[in-house]
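**Student:** Give me the fold of what follows.
(6 chains)
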Number of protein chains: 4
Amino acid sequence: MTLQESTRAQLRQFIEQIERLEEEKKAIAGDIKDKFLEAKCQGFDVKAMRTIIAMRKKDSNQRQEEQSILDVYLHALGMLADTPLVEWAQEQEAAA
Amino acid sequence: MTLQESTRAQLRQFIEQIERLEEEKKAIAGDIKDKFLEAKCQGFDVKAMRTIIAMRKKDSNQRQEEQSILDVYLHALGMLADTPLVEWAQEQEAAA
Amino acid sequence: MTLQESTRAQLRQFIEQIERLEEEKKAIAGDIKDKFLEAKCQGFDVKAMRTIIAMRKKDSNQRQEEQSILDVYLHALGMLADTPLVEWAQEQEAAA
Amino acid sequence: MTLQESTRAQLRQFIEQIERLEEEKKAIAGDIKDKFLEAKCQGFDVKAMRTIIAMRKKDSNQRQEEQSILDVYLHALGMLADTPLVEWAQEQEAAA
DNA sequence: TGGCGTATCTTCTTCC
DNA sequence: GGAAGAAGATACGCCA
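**Tutor:** Numbering: from 1, shown residues only, chains lettered A, B, ... in the order given. Next comes the predicted model:
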């Protein structure tokens, strides 16, 4: 099995584009590292900073997540309007 | 490079034990799948069930997690008692 | 009413059974982890062990097929030239 | 007071800069994903592409070393008998 | 109902 | 060694 020349070129191009993007990503990861180092050198606690960032990320994710959960319930309620799962879901919502 | 016969036997034994455990794990995964299927066949919404289970898991994990976060803050406050991070952390806690 | 109550009980039972199975699964995963650790402590290379297990698991025909695709791509990129991998790749292709 | 305020601002700035960099990183990760998808849609095998990229990235010396360890284990388990993999493994060992 | 795309869950790796 | 991210496997839902 052999690839057409044009296909080979295309493959090579994909590979190289992806490798470039990965380099960019790596460079940014380096920038982040540098930022933490810089902060550390000015007396900030890196571990605490990471915790703060994680919490802020979680807060913003949580809104989406809660919405998703709600969607699931709404869906379940819609699909099962005449089944007993409704009861239980409503209980859960009430408890939450 | 060659391994001693006894070492080869030992390696083989480890591999086989692990493979057995993985089979057991897979069997249990199958049981779980069957349970979901059974529930589905009785009219329950599988996705909603998964969400509920995830929430219950999270609830129990969250207690530990919250404790961990608190520990980090306490640690950070202790380590940084004379730095301004304290202020901000306290702000964050107040907001939460 | 009675139907609803019994169905709620049923749902609860499903959930609890599944949670129990997941705990078992998790316990076995822990056993596997312990086995690897034990092997590691006796000087075995865990990564190589994982590779062996994966290879044993994988269907050999599929492995060859994946290798064949890879060979074509490597060839297209000129990565096979002048390396010993060439020999083996050609053997594989011939066998396929 | 003024010092504390300025330091708080500094901390906030660090956090926001880092969060911004993390968003950029995430965006690039998305671009990479898109590239793979694009390649896939044009008929390329994504898994093989990943393998090629990993191979190009990996230091070739290290690759040989890992292969040597693996060969020893495979040999110990008798998995090399009567297969063409034997040839290549022996070549590798000789070269190492 | 059976492939196909999506999504979730798990596993593996990397970094700190 | 533990957490974060990437990769792979698996399962669900849709559409034909």
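**Student:** contacting residues for A:Leu11?
**Tutor:** Counting by CB atoms under 8 Å, 6 or more residues apart in numbering or on different chains, A:Leu11 touches A:3, C:73, C:76-77, D:39, D:44, D:49. For the C-beta atoms, the positions are set from N, CA and C on the backbone; glycine is no exception.
**Student:** how far does stretch A:59-78 sit from the chain's center?
**Tutor:** Offset of stretch A:59-78 from its chain centre (CA atoms, centre = their mean, to the nearest Å): 16 Å.
**Student:** quick one: that stretch near DNA strand E?
**Tutor:** Yes. Stretch A:59-78 reaches DNA strand E (CB under 7 Å from any atom of the strand) through A:Ser68.
**Student:** Phi and psi next, for the most centrally placed residue in chain A.
**Tutor:** Centroid-nearest residue in chain A: A:Asn61, 8.2 Å away (criterion: CA atoms, centre = their mean). Backbone torsions for A:Asn61, taken as degrees, to the nearest 10, come to phi -70, psi -40.
**Student:** same thing with A:Gln4?
**Tutor:** Backbone torsions of A:Gln4, given as degrees, to the nearest 10, read phi -60, psi 150.
**Student:** Report the separation between it and A:Gln10.
**Tutor:** 9 Å (CB to CB, to the nearest Å).
**Student:** In three-state terms, label the closest residue to DNA strand E within chain A for me.
**Tutor:** Residue of chain A nearest DNA strand E, by CB to the nearest atom of the strand: A:Lys33 (4.1 Å). Secondary structure assignment for A:Lys33 (DSSP: H, G, I helix; E, B strand; the rest coil): helix.
**Student:** okay, now it: neighbour count?
**Tutor:** 12 (other CB atoms under 10 Å in any protein chain shown).
**Student:** so how far is A:Arg50 from A:Arg63?
**Tutor:** From A:Arg63 over to A:Arg50 the distance is 21 Å, taken as CB to CB.
**Student:** out of the two, which sits in the busier spot?
**Tutor:** Between A:Arg63 and A:Arg50, counting by other CB under 10 Å, A:Arg50 is the more crowded of the two (13 against 9).
**Student:** so what does the helix or strand harbouring the more buried one touch, helix or strand wise?
**Tutor:** Assigned by DSSP states H and E, A:Arg50 falls within helix A:46-79. If you count contacts as 3 or more CB pairs under 8 Å, 6 or more residues apart in numbering or on different chains; DSSP states H and E, helix A:46-79 packs onto helix A:5-41, helix A:85-95, helix B:46-79, helix B:85-95, helix D:2-41.
**Student:** Mind telling me which of the ones you listed the model trusts least?
**Tutor:** With a mean of 59, helix A:85-95 has the lowest mean pLDDT of these.
**Student:** count of neighbours near the residue nearest to A:Thr2 when sequence neighbours are not counted?
**Tutor:** Nearest residue to A:Thr2, sequence neighbours excluded (CB to CB, 6 or more residues apart in numbering or on different chains): C:Val72, at 7.3 Å. Using other CB under 10 Å, the number of residues around C:Val72 comes to 20.
**Student:** just checking, C:Val72 touches A:Gln4?
**Tutor:** No. In terms of CB atoms under 8 Å, C:Val72 does not count as a neighbour of A:Gln4; the distance is 11.5 Å.
**Student:** what's the neighbour count on A:Thr51?
**Tutor:** That count, for A:Thr51 with other CB under 10 Å as the rule, works out to 19.
**Student:** distance of it from A:Asp34?
**Tutor:** Here the criterion is CB to CB. By it, A:Thr51 lies 20 Å from A:Asp34.
**Student:** before we move on, what about A:Gln13?
**Tutor:** Taken as CB to CB, the span from A:Gln13 to A:Asp34 is 32 Å.
**Student:** With A:Gln17 instead?
**Tutor:** The gap separating A:Gln17 from A:Asp34 is 26 Å, by CB to CB.
**Student:** quick one: contacts for A:Gln17?
**Tutor:** Applying CB under 8 Å, 6+ apart to A:Gln17 gives the contacts D:Lys35.
**Student:** try it again with 10 Å
**Tutor:** D:31-32, D:35, D:38-39 (CB atoms under 10 Å, 6 or more residues apart in numbering or on different chains).
**Student:** coming back round to it: give the contact list for the residue of chain A closest to DNA strand E.
**Tutor:** Counting by CB under 10 Å, 6+ apart, A:Lys33 touches D:18, D:21.
**Student:** One more: the one 3 residues further on?
**Tutor:** Residues in contact with A:Phe36, defined by CB under 10 Å, 6+ apart, are A:44, A:46-47, A:49-50, A:53, D:14, D:18.
**Student:** Just give me the neighbour total for the residue nearest to A:Arg12 when sequence neighbours are not counted.
**Tutor:** In this structure, A:Arg12 finds its nearest non-sequential neighbour in C:Leu77, 6.0 Å apart by CB to CB, 6+ apart. Residues near C:Leu77, counting by other CB under 10 Å, number 18.
**Student:** C:Leu77 is in contact with A:Glu19, isn't it?
**Tutor:** No. Taking contacts as CB atoms under 10 Å, C:Leu77 lies outside contact range of A:Glu19: 11.7 Å.
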